[in-house]
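Asker: The sequence and its predicted three-dimensional model are supplied below.
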Amino acid sequence: MAFARELDSSEAEQLRESPAAYTLEPEALHKMLSMDKPVNVASVPQRSPFRYPGGKTWLIPTLRAWLRSQPRRPELFIEPFAGGGIASLTVAFEELAGHVVMAETDDGVSSVWKTIFNGQGEWLAREILAFDLTEENVRRALSEEADGTAIPLRRRAFLTILRNRVQRGGIMAPGAGLVKSGENNRGIRSRWYPETLARRIREIGETLHYLSFYPGDGFALLDFLAQRLNVSRRHAKRLLDERNVFVNGHRTWMARHKLNAGDTVQLPLPGATPRVVAAPRILYRDEAIMGIDKPCGIEVVGVHGLEGELRKQFQC
């Protein structure tokens, strides 16, 4: 109780409410963005199984403050060059956006995210826990990728994590050497924390309802719209966010959507008013669930979506 009173009086921490929990934040919810002070990356929660020295961890406090400063929570957050995914994972874990899309072109890194997103994260966690980390075993395992034989996706995912953790600087390029001395002269064990890695993978598996993964270029459709419409990327992104873009007759809002030769991209005429439902018919409602009679042709999410209309109607 004494500690609780001290927190209340200091105002150094603030309470953030989400649908699932109350979270005590060690920073102001709407602090001013500033790049004057260096970021202590050790203060950022590590969510990713990857080790990326010089990665985006330093950006997280600024990203978090920027997203929280928006008048309303963004519906979609896209990390076009995900790598270790620290930005996406932070946004998903802290519910800073409605949904998060990670895009990555590297085959090895993609194999890790594909494995986790395909429901094989538990297998990957157990494989990490069971691996006997010796130099001999590491070299034998990594040689599997050198002989040209086909490797199952989840096995490639494990080898990618292993390579990232035992090679100097986390470099995964072919030919990179193994860590020699490392921290406290622990050699290849310097960055191999099996329990921690397994825990992170399992925790990501529990947030998959917030996450999607795309193995490719995160800007394909965005660039196409900006070029053809002669508008900025920001304007093109707004068209996607507002669910106003159709590809081959299907509503598309992912900036990373890959276009193929012959695809048809459609947008509404300028000034066209989207069809909305002001008062949708409620079929069932209790404290946790609401059943709605959704008319055909009405989008569920988006600026003019059914979800937004319901939020206005019930002020939630």
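Answerer: The structure has been received and is ready for your questions.

Asker: residues of stretch 135-155 that come out buried?
Answerer: By neighbour count with 16 or more other Cβ atoms under 10 Å, stretch 135-155 contains the buried residues 138, 141-142, 145, 154-155. C-beta: built from backbone N, CA, C; applies to glycine.

Asker: Likewise for stretch 68-80?
Answerer: Applying 16+ other Cβ under 10 Å to stretch 68-80 flags 68, 75-80 as buried.

Asker: Could you work out the end-to-end span of it for me?
Answerer: Distance across stretch 68-80, first residue to last, is 21 Å (Cα to Cα, to the nearest Å).

Asker: JSON lines for the buried residues of stretch 135-155, including pLDDT?
Answerer: Shown next, in JSON lines, are the buried residues of stretch 135-155 (pLDDT from 0 to 100):
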{"residue": "138", "pLDDT": "91"}
{"residue": "141", "pLDDT": "91"}
{"residue": "142", "pLDDT": "88"}
{"residue": "145", "pLDDT": "79"}
{"residue": "154", "pLDDT": "94"}
{"residue": "155", "pLDDT": "95"}
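
Asker: Among the residues you listed, which lie within helices?
Answerer: Assigned to helices by DSSP state H, the following of the buried residues of stretch 135-155 qualify: 138, 141-142, 154-155.

Asker: for the spatially most central residue of the chain, what are its contacts?
Answerer: Nearest to the geometric centre of the chain sits residue 88, at 2.6 Å (Cα atoms, centre = their mean). Going by Cβ atoms under 8 Å, 6 or more residues apart in numbering, residue 88 touches 77, 79, 82, 100-102, 211.

Asker: Which pair in these has the greatest spatial separation?
Answerer: Spatial extent of those (Cβ to Cβ) is set by the pair 77 and 82 at 11.3 Å.

Asker: between the ones in helices among the buried residues of stretch 135-155, which is closest to residue 60?
Answerer: The nearest member of those to residue 60, counting by Cβ to Cβ, is residue 154 at 28.6 Å.

Asker: pretty sure the residue nearest to the centre of the chain is in a helix, no?
Answerer: Yes. Assessed by DSSP: H, G, I helix; E, B strand; the rest coil, residue 88 belongs to a helix.

Asker: and stretch 106-124, which residues are buried?
Answerer: Under the neighbour-count criterion of 16+ other Cβ under 10 Å, stretch 106-124 has 108-117, 120-121, 123-124 buried.

Asker: tell me the helices in the stretch 201-316 of the chain, going along the chain?
Answerer: 220-229, 233-241, 306-314 (DSSP state H, counting those that start in this stretch).

Asker: Kindly reformat these as CSV containing distance to residue 60.
Answerer: Shown next, in CSV, are the helices of the stretch 201-316 of the chain (distance: least, Cβ to Cβ, whole Å):
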stretch, distance to residue 60
helix 220-229, 23
helix 233-241, 21
helix 306-314, 28
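
Asker: now for those, which one comes closest to residue 50?
Answerer: Closest approach to residue 50 among these is made by helix 220-229 (23.9 Å; Cβ to Cβ).

Asker: you'd agree residue 101 is in a helix?
Answerer: No. Read with three-state DSSP, residue 101 is strand and lies in no helix.

Asker: Any figure for the gap between the residue nearest to the centre of the chain and residue 143?
Answerer: According to Cβ to Cβ, to the nearest Å, residue 88 and residue 143 sit 32 Å apart.

Asker: excluding its backbone neighbours, what's nearest residue 251?
Answerer: Setting aside the residues directly before and after it, residue 251 is nearest to residue 243 in space (Cβ to Cβ, 6 or more residues apart in numbering), at 5.7 Å.

Asker: ok, the one you found - how many residues close by?
Answerer: Here the number of neighbours of residue 243 (other Cβ atoms under 10 Å) works out to 20.
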